[in-house]
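Colleague: Sharing a sequence plus its predicted fold:
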Amino acid sequence: MCGIAGYVGPRKAVEVVYDQLKRLEYRGYDSAGIAFLEEGNISVLKRAGKLSVLGEVVDANPDDSHMAIAHSRWATHGAPTDLNAHPHMDQYEQIALIHNGIIENYLELKDELAHDGHDHQFFSETDTEVAAHIIGEEYATGVSLEVAVRQAVKRFRGAYSMVVISKREPGKIVAARSASPLVIGIGVGENMLASDIPALLPYTREMMILDDDQVAILTPEGITITDLNGKEVPYEIMHIDWDIAAAEKGGYDHFMLKEIHEQPEVMSRVLAGRIDEKGQVRLDNVYGEHVWNEIDRVSIIACGTSYNAGLMGKYLFEKLLRLPTDVYYASEFRYGDPILSSRSLCIFISQSGETADSLAALKLCKSQRMRTLGIVNVVGSSIARECDRTILTQAGPEISVASTKAYTAQVLSLIMLVLHIAQIKETPGVRSEQVVRSLRNLPGIAQRVFELEDQVKAVVQTCKDANLFFFLGRGADAYVSLEGALKMKEIAYVPTQEIPAGEMKHGPLALITDGVFAIFGATEEHLRDKVISNIKEVQARGGYVVAITTEEDTSLEKAADATLKIPRTGQTYLDALLSNIVLQLLAYYFAVARGCEIDQPRNLAKSVTVE
Ligand code: AGP
């Protein structure tokens, strides 16, 4: 996600916010900018590229401002250019706005502005500039900056955090948050904010986390927090005693563990603005009804973890939409002379959007005039730009080479796509009140999975000398087990055998002996009896069995040697998705027990841009 910084107080504000952006560089970005108030005017300096490019411009424009906001952008709407960089101003040049996240309905809002009788000139392709104009119109009615922001954000749909300053109210910064992190730093005679704790630590250790649908008003004298109706709300001040390195990892020992724990928040971001108050799924920038009624086959093409997410896509497309779906390794697809038809849809899943094999497969599909849809975490990346349509996974920057939150965001994006298609095609029994309720409750239920963390550590103590792991399951659990196995291989360097549980007897069972650990996923209730039979097959040959099931189940704990019970979501495919969090934790703690590197595993790269 982008970096946000803001400062108001006696220091040189531009120096402070520039330093804060530097402390957020680890999060990844492709342009940066600063807005500051001086002598009654707002100046905006912004450049594409690295922070040092902006630094040259800042150095050339000495100032004595005591209020500034700054932003490092990770392209969402619009390529990384000077014009698309933040901050953006309103049409009256009264305010400057910076923004993290996505405003899903920005095109609708842009259309409303085009008909409001005022002259709206847009200089960028961003949703942010539209938001600035919406706030500008509210502000032009003469209300205070915080009232203008509160009125405007009620019209925005999506996951975002935003920060605004104005010419009319020097010494005041206003911020609003919906599902995208914003931290307020509390100083003495100065106050500040940022999208992450490391940016604030050199200036203060007293902080508060702004909550969803809250607005913060910062002045040098203090801060006020209100809800969207302007009612003041109490808040808790935290004392952060992390060092800088720990802060970049959110206090966790590794980025991987931080990113595993971020998943409930990522789920909130993927869902934000995509289920309306009537429970209807709203997915922007995908094909129209006529296309979905024409598509008779889906080909999903990806690599690694993204391929494993694609398998969950197959499960969803075939089980819920009865749409035949193939999943291909991109490296095989491009040389496999694939059978493609004009009624196929090719879906490319990629966290980085730069994977060479996936990009080459995409170009092959485009050369045959196929419809292409990207499910990508880095918009503005090659795959995102090449695809006809793109769904943003909004997982935020994933630093650890082993992909965790990106997988969850990819699968959840596929679920939203399937529900969107089911709604358009009026496929019965797919999008229901119960499904919508399960999705709305998902982030909170996912948070409860972490109550199992100590039990996972105990299981790791039992299997720390294992030299072979089986990852087994049936149905959706069989697909999730592939991802669990990949994590174990990637960061603990342990050999694994991952197959549908029913396949063991056709050969791999020969590998079972004392010291082999079998991790069974068994979240699908109707398959549990079969899974129990497979558990017995393993135990009869000396294997040790760990079962992952749901909390109401009592059958598996009688059969397995150790059982981990996740909370139920109400949907089998969501239960399976949550069980993957347990597999991530298992691989992580096992690798830590073995003293492995974790975030930068040997031989691997975060983005494989070579064939
Ligand atoms: C997953 O943990 C690995 N980092 C790797 O398999 C990765 O998923 C694969 O290289 C695909 O990358 P992409 O999603 O960026 O295309």
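Modeller: Perfect, thanks for sending it. Residues are numbered from 1 along each chain as shown.
Colleague: contacts and neighbour counts: CA atoms only from here.
Modeller: OK.
Colleague: From the ligand, how far out is the closest residue to Val149 other than its chain neighbours?
Modeller: Nearest non-adjacent residue to Val149, counting by Cα to Cα, 6 or more residues apart in numbering: Ile135, 5.8 Å away. In this view, Ile135 and the ligand are 36 Å apart by Cα to the nearest ligand atom, to the nearest Å.
Colleague: Test my guess that Ile135 contacts His88.
Modeller: No - Ile135 is beyond contact range of His88, at 11.3 Å (criterion: Cα atoms under 8 Å).
Colleague: Now do the contacts for the residue of the stretch 151-300 of the chain found nearest the ligand.
Modeller: With Cα to the nearest ligand atom as the measure, Met256 is the residue of the stretch 151-300 of the chain nearest to the ligand, at 10.2 Å. Contact analysis of Met256 by Cα atoms under 8 Å, 6 or more residues apart in numbering lists 399-400, 402, 404, 588, 598-599.
Colleague: and stretch 540-548, how far out from the chain's middle?
Modeller: 34 Å (Cα atoms, centre = their mean, to the nearest Å).
Colleague: all strands of the stretch 351-500 of the chain, in order?
Modeller: Using DSSP state E, counting those that start in this stretch, the strands of the stretch 351-500 of the chain run over residues 371-376, 389-392, 469-473, 496-500.
Colleague: scratch that, the stretch 101-250 of the chain
Modeller: Ranges of strands in the stretch 101-250 of the chain, per DSSP E, counting those that start in this stretch, are 158-166, 173-178, 183-186, 191-194, 206-209, 214-219, 222-227, 238-239.
Colleague: Point out the most buried one among these.
Modeller: The highest mean neighbour count among the strands of the stretch 101-250 of the chain, using mean count of other Cα atoms under 10 Å, belongs to strand 191-194: a mean of 29.
Colleague: pLDDT of that one, averaged?
Modeller: Averaged across strand 191-194, the pLDDT comes to 97.
Colleague: If we look just around the ligand, which residues of the chain are in range?
Modeller: Within the chain, the residues that sit near the ligand (Cα under 6 Å from any ligand atom) are 303-306, 350-353, 355, 401-403, 606-608.
Colleague: and the two most separated of those?
Modeller: Spatial extent of those (Cα to Cα) is set by the pair Gly353 and Ala402 at 15.6 Å.
Colleague: rewinding a little: next one, pLDDT for the residue nearest to Val149 please.
Modeller: 98.
Colleague: closest one to Gly543 among the strands of the stretch 351-500 of the chain?
Modeller: Nearest to Gly543 among the strands of the stretch 351-500 of the chain is strand 469-473; the distance by Cα to Cα comes to 9.5 Å.
Colleague: Please write out the alpha-carbon positions of the closest one in PDB.
Modeller: The C-alpha trace of strand 469-473 is given here as PDB (Å, rounded to 0.1, in the frame of the first residue of the first chain):
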ATOM      1  CA  PHE A 469       5.600 -34.000   5.500                       C
ATOM      2  CA  PHE A 470       2.400 -35.200   3.700                       C
ATOM      3  CA  PHE A 471      -0.200 -32.500   3.000                       C
ATOM      4  CA  LEU A 472      -3.500 -34.100   2.400                       C
ATOM      5  CA  GLY A 473      -7.200 -33.200   2.000                       C
END
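Colleague: pLDDT on it, on average?
Modeller: If you average the pLDDT values across strand 469-473, you get 97.
Colleague: Can you spell out which helices and strands pack onto it?
Modeller: Counting contacts by 3 or more Cα pairs under 8 Å, 6 or more residues apart in numbering; DSSP states H and E, strand 469-473 packs against helix 476-492, strand 496-500, strand 517-521.
Colleague: Tell me the strands beside it, with direction?
Modeller: Partners of strand 469-473 in the sheet, by DSSP bridges, are strand 496-500 (parallel), strand 517-521 (parallel).
Colleague: Tell me the confidence at the residue in the chain sticking out farthest from the centre?
Modeller: What lies farthest from the middle of the chain is Ala540; by Cα atoms, centre = their mean that is 42.2 Å. Ala540 is assigned 95 on the pLDDT scale.
Colleague: Ser72 reaches Asp30, doesn't it?
Modeller: Yes - contact criterion Cα under 8 Å: Ser72 and Asp30 qualify, at 7.2 Å.
Colleague: who's more crowded, the two?
Modeller: Ser72 (35 against 19; other Cα atoms under 10 Å).
Colleague: most centrally placed residue in the protein?
Modeller: Nearest to the mean C-alpha position of the chain, counting by Cα atoms, centre = their mean, stands Ala395 at 1.4 Å.
Colleague: just to revisit the earlier point, neighbour count for Ile135 and His88, which is higher?
Modeller: Shown here are Ile135 and His88; by other Cα under 10 Å, His88 has more neighbours (30 against 27).
Colleague: List the residues that contact Glu294.
Modeller: Counting by Cα under 8 Å, 6+ apart, Glu294 has contacts Arg343.
Colleague: Give me the contact list for the helix or strand of the chain with the lowest mean pLDDT.
Modeller: Lowest mean confidence among the helices and strands of the chain (mean pLDDT, DSSP states H and E): helix 244-248, at a mean of 75. Contact with helix 244-248 is made by 26, 196-198, 201, 252-253, as judged by Cα under 8 Å, 6+ apart.
Colleague: of these, buried ones?
Modeller: 196-198, 201, 252-253 (16 or more other Cα atoms under 10 Å).
Colleague: Could I get the full set of helices for the stretch 501-611 of the chain?
Modeller: Assigned by DSSP state H, counting those that start in this stretch, the stretch 501-611 of the chain shows helices spanning 528-539, 556-559, 572-593.
Colleague: Please identify the deepest-packed of these.
Modeller: Ranked by mean neighbour count, those are led by helix 572-593 with a mean of 24 (mean count of other Cα under 10 Å).
Colleague: just to revisit the earlier point, what's the mean pLDDT across the helix or strand just after the least confident helix or strand of the chain?
Modeller: As assigned by DSSP states H and E, the chain's next helix or strand after helix 244-248 is helix 255-261. On average, the pLDDT along helix 255-261 is 96.
Colleague: same thing with stretch 344-355?
Modeller: The average pLDDT within stretch 344-355 is 94.
Colleague: Could you do stretch 303-313 as well?
Modeller: Here the average pLDDT along stretch 303-313 is 98.
Colleague: Thought Val378 was touching the residue nearest to the centre of the chain, still the case?
Modeller: No - taking contacts as Cα under 8 Å, Ala395 lies outside contact range of Val378: 9.1 Å.
Colleague: list the contacts for the nearest residue to Gln600 once chain neighbours are set aside?
Modeller: Leaving aside its chain neighbours, Gln600 sits nearest to Val401 (5.9 Å; criterion: Cα to Cα, 6+ apart). Counting by Cα under 8 Å, 6+ apart, Val401 makes contact with 599-601, 604-606.
Colleague: Glu453 too?
Modeller: Each residue near Glu453 by Cα under 8 Å, 6+ apart is listed here: 582, 585.
Colleague: how near is it to Val516?
Modeller: Note on Glu453: its distance to Val516, by Cα to Cα, to the nearest Å, is 22 Å.
Colleague: Flag the shaky bits of this protein, pLDDT-wise.
Modeller: 1, 27, 75-77, 379-380 (pLDDT under 70).
Colleague: Any of the residues of the chain next to the ligand buried? List them.
Modeller: Members of the residues of the chain next to the ligand classed as buried by 16+ other Cα under 10 Å are 303-306, 350-353, 355, 401-403, 606.
Colleague: got a markdown table for these, with distance to Val233 too?
Modeller: As requested, these are exported to a markdown table (distance: Cα to Cα, whole Å):
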| residue | distance to Val233 |
| --- | --- |
| Cys303 | 47 |
| Gly304 | 45 |
| Thr305 | 42 |
| Ser306 | 42 |
| Ser350 | 41 |
| Gln351 | 38 |
| Ser352 | 39 |
| Gly353 | 41 |
| Thr355 | 46 |
| Val401 | 40 |
| Ala402 | 39 |
| Ser403 | 37 |
| Lys606 | 42 |
